[in-house]
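Engineer: Sequence below, structure please.
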Amino acid sequence: MRKSRSVVVEKEKTQVATSNYNKTVLSNGIRVVSESIPHVKSVSLGVWVDVGSRDESDLDNGITHFIEHMVFKGTGKRSAREIAEFVEDIGGYLNAFTTKENTCFYVRVLSEHLKEGVEILADIVQNPTFDKREIEKEKKVVYEEIKDVEDDFEDYIGDLLEYQIYHPHPLGLPIIGTRETVSGFTREKLFEHLRKFYNPSNIVVSAAGNLVHDKLVEYVDKFFTATNKNGFVNVRRKPEGMRAVNYVIERPSSQSHVCIGTATFGARDKWRDHLLLLNTIIGDGMSSRLFQNIREKYGFVYSIYSFYTMFKDSGVFGVYFACDRKNVEKTIELVWKEFNSIVKNGVSVDELKRAKEQVKSSILIGLESMSNRMQRLAQIELVYDGRYSDVSEVIKKIGRITPDEIREVAIETLRKEKFTTVIINPSKK
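Structural biologist: Residues are numbered from 1 along each chain as shown. Purely as a prediction, here's the structure:
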């Protein structure tokens, strides 16, 4: 294990190392973070750009996600087929995803192919051609993706809930965009968005697995040659004045799908871990209150759970369930019965202990995945401004949370006047 050492300032980079965690800031501003796990055979490597759908407007909604698609369609050096073959020739896996706050391009490779992994990610991120014919073809692909979301009511209702809570703030915009916005994307608009956000100071390269940090830095320095220092600083507007509304639509379906939720603490808030535990107690797992007291006791639902979605400066807590249309109001009443019980009586010591064990287990089991470790490193940079915390410290902090603190968070969060309700009912015949 590498010993901890103080910050070292070199001519072309700034480097920090703690245990197996290492961070280097290149001269062009790209941050390189890694975690060395010597006993595994692979490396998970990601290039993260600090841009998502919250950085869009109603007019260009979905452009970040569309660019994520288009970089795979060819670069100045490789065709789409050659990109795929380059990765699969070394037995790797290449993919990407877009969130409301970030875009990640990632590859999983055996450790001896780290150099190739860095090379291919650098190529697609820096050198996409955005061929006009490929743009028009990819629009059709995204239209189909939009249909997939709209046909998956459990997924679609989440987008509707966040839109109703946040809009006109861009956190309410769907990641994928709309048919209207996607149809208007042009080669010029894609490059304009790319030049604005894909600059070195807005990029984090994170990696976890069997690697040597200095080698990773060498490869990133070699292949990430673009110096698009445009001076842009991505200052995001914090959402304020969120709405609490009721929104009901009808779609062809055999069940009603229901989502109730409210804006709440963000990832950087001191109450985040408390709400994480409260969410576990309310509706995460078969021992949760919602599962036991609604599904098991009354049989009104097959699927019911609570969720806590975190953004950097805000979050959404809510409950989803699907049931027969005639049982919607009864089930909503039962959900509020559970909420009110926690507000009035708090949670038991045993419930909180069980929730802590569930969260602890989820964290530690998650660390067995190099992809999860890679993502955690990137989030430390993008969400927590590079303030690294060892997992053991995170778990200790959660362990110190008390039942009284959980009740305090419940009183603040579970206020009926703050909740938005979205319902997708079956179309009437």
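Engineer: Strands of the stretch 201-350 of the chain, residue ranges please.
Structural biologist: 203-209, 246-251, 256-264, 301-310, 315-323 (DSSP state E, counting those that start in this stretch).
Engineer: need the contact list for Val182.
Structural biologist: Gly62, Phe66, Lys139, Val142, Tyr143, Ile146 (C-beta atoms under 8 Å, 6 or more residues apart in numbering). Where you see a C-beta, it was placed from the backbone N, CA and C, and this is true even at glycine.
Engineer: So it, which state does it fall into?
Structural biologist: Here Val182 is recorded as helix under DSSP: H, G, I helix; E, B strand; the rest coil.
Engineer: Kindly provide the distance from it to Val51.
Structural biologist: Using C-beta to C-beta, to the nearest Å, one obtains 17 Å as the distance from Val182 to Val51.
Engineer: doesn't Leu173 make contact with Asn61?
Structural biologist: Yes. Assessed by C-beta atoms under 8 Å, Asn61 is found in contact with Leu173 at 4.7 Å.
Engineer: Export the contacts of Val182 to JSON lines and append columns for secondary structure, pLDDT and neighbour count.
Structural biologist: Below are these laid out as JSON lines (DSSP: H, G, I helix; E, B strand; the rest coil; pLDDT from 0 to 100; neighbours: other C-beta atoms under 10 Å):
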{"residue": "Gly62", "secondary structure": "coil", "pLDDT": "98", "neighbour count": "25"}
{"residue": "Phe66", "secondary structure": "helix", "pLDDT": "98", "neighbour count": "25"}
{"residue": "Lys139", "secondary structure": "helix", "pLDDT": "98", "neighbour count": "17"}
{"residue": "Val142", "secondary structure": "helix", "pLDDT": "98", "neighbour count": "19"}
{"residue": "Tyr143", "secondary structure": "helix", "pLDDT": "98", "neighbour count": "14"}
{"residue": "Ile146", "secondary structure": "helix", "pLDDT": "98", "neighbour count": "18"}
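Engineer: Can you tell me the element the nearest residue to Val87 once chain neighbours are set aside falls in?
Structural biologist: Of all residues not flanking Val87 in the chain, Leu94 sits nearest, at 4.3 Å (C-beta to C-beta, 6 or more residues apart in numbering). Here Leu94 is covered by strand 93-98, with elements defined by DSSP states H and E.
Engineer: and the helix or strand just after that strand, what does it pack onto?
Structural biologist: Counting by DSSP H and E, the next helix or strand C-terminal to strand 93-98 is strand 103-110. Contact partners of strand 103-110 among helices and strands, from 3 or more C-beta pairs under 8 Å, 6 or more residues apart in numbering; DSSP states H and E: strand 42-49, helix 63-70, strand 93-98, helix 114-126, helix 370-382.
Engineer: Repeat the analysis, applying 6 Å as the threshold.
Structural biologist: strand 42-49, strand 93-98, helix 114-126 (3 or more C-beta pairs under 6 Å, 6 or more residues apart in numbering; DSSP states H and E).
Engineer: Quick one: closest of those to Gly209.
Structural biologist: Of all the helices and strands packed on strand 103-110, it is strand 42-49 that lies closest to Gly209, at 3.6 Å by C-beta to C-beta.
Engineer: In its sheet, which strands sit next to that closest one, and in what direction?
Structural biologist: Sheet pairing for strand 42-49, assigned by DSSP bridges, gives strand 103-110 (antiparallel), strand 203-209 (antiparallel).
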